[in-house]
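Asks: got a predicted structure here, sequence first:
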Amino acid sequence: MPLKHSLTVRVGSKGAVMDSRFYFHIAALVSCVVFFAGCAREPAQVSYAKDVAPLLEKYCQSCHLPGQIGYDSSGFSVSDYDSLMKGTKYGPVVLAGDPLNSAMVMLIEGRVDSSIKMPHAGAPALSQQQIDTIRLWVEQGARNN
Ligand code: HEC
């Protein structure tokens, strides 16, 4: 009789352990769903002034201001929003809402021959996160925000 009793208790407590594991899995599943729902939400608005201009200043201005080699050979200046949107002497390199076909995004993502990847070989490169910031800004409409 005492033996049977203790057996029951053991089975019972094992069941409790399994229950709590089960609820843990449910909780993990729910938090995953919440997490991915969070990711699916519209990403934060990228700001030209706060996020993009500082990157262009740091990584592009050494060559893309009047008098510098990049500007002199392409006509592309990153001195301000208007010159950025004006593009090269051949036309725009930023197409609002269309990062895939924006020459500037192609160049910084390296979707071009490595000899013309921007910044040019030798100059400090953008990190993937910085490239993504510029891409997202173009995707969100390349606004002067
Ligand atoms: C070390 C100098 C240098 C740096 C830094 C540099 N560029 Fe350039 N860039 C050039 C030169 C030189 C050219 C023209 C010749 C060529 O296309 O390779 C050029 C051309 C370009 C063009 C025009 C390409 C075309 O279709 O004619 C774009 C757009 C451009 N650069 C964007 C950028 C961006 C954006 C950055 C910063 C992330 C950057 N560049 C940084 C030197 C530089």
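Replies: That came in fine, so what should we check first?
Asks: next, Gly70: secondary structure please.
Replies: Of the three states, Gly70 takes helix under DSSP: H, G, I helix; E, B strand; the rest coil.
Asks: excluding its backbone neighbours, what's nearest it?
Replies: Using C-beta to C-beta, 6 or more residues apart in numbering and skipping residues adjacent in sequence, the residue nearest Gly70 is Cys63, 3.2 Å away. C-beta: built from backbone N, CA, C; applies to glycine.
Asks: and the pLDDT at Gly122?
Replies: Note on Gly122: pLDDT of 86.
Asks: what is the burial count for it?
Replies: By other C-beta atoms under 10 Å, 6 other residues sit near Gly122.
Asks: would you say it is within a strand?
Replies: No: the assignment for Gly122, made by three-state DSSP, is coil rather than a strand.
Asks: any residues of this structure in contact with the ligand? List them.
Replies: With C-beta under 6 Å from any ligand atom as the criterion, the chain comes near the ligand at residues 59-60, 62-64, 69-70, 73-74, 76, 88, 93, 103-104, 107-108, 116, 118-120, 123, 126.
Asks: ok, now with 5 Å
Replies: Neighbours of the ligand within the chain, by C-beta under 5 Å from any ligand atom: 59-60, 63, 69-70, 73-74, 76, 88, 93, 104, 116, 118-120, 123.
Asks: nearest to Gln140, of the residues you listed?
Replies: Met104 (15.0 Å; C-beta to C-beta).
Asks: right, and that closest one touches Ala96 too?
Replies: No: between Met104 and Ala96 there is no contact under C-beta atoms under 8 Å: 11.8 Å.
Asks: more neighbours, those two?
Replies: Met104 (24 against 15).
Asks: now do the contacts for the more buried one.
Replies: 87, 93-94, 118, 134, 138 (C-beta atoms under 8 Å, 6 or more residues apart in numbering).
Asks: let's see it at 6 Å
Replies: 93-94 (C-beta atoms under 6 Å, 6 or more residues apart in numbering).
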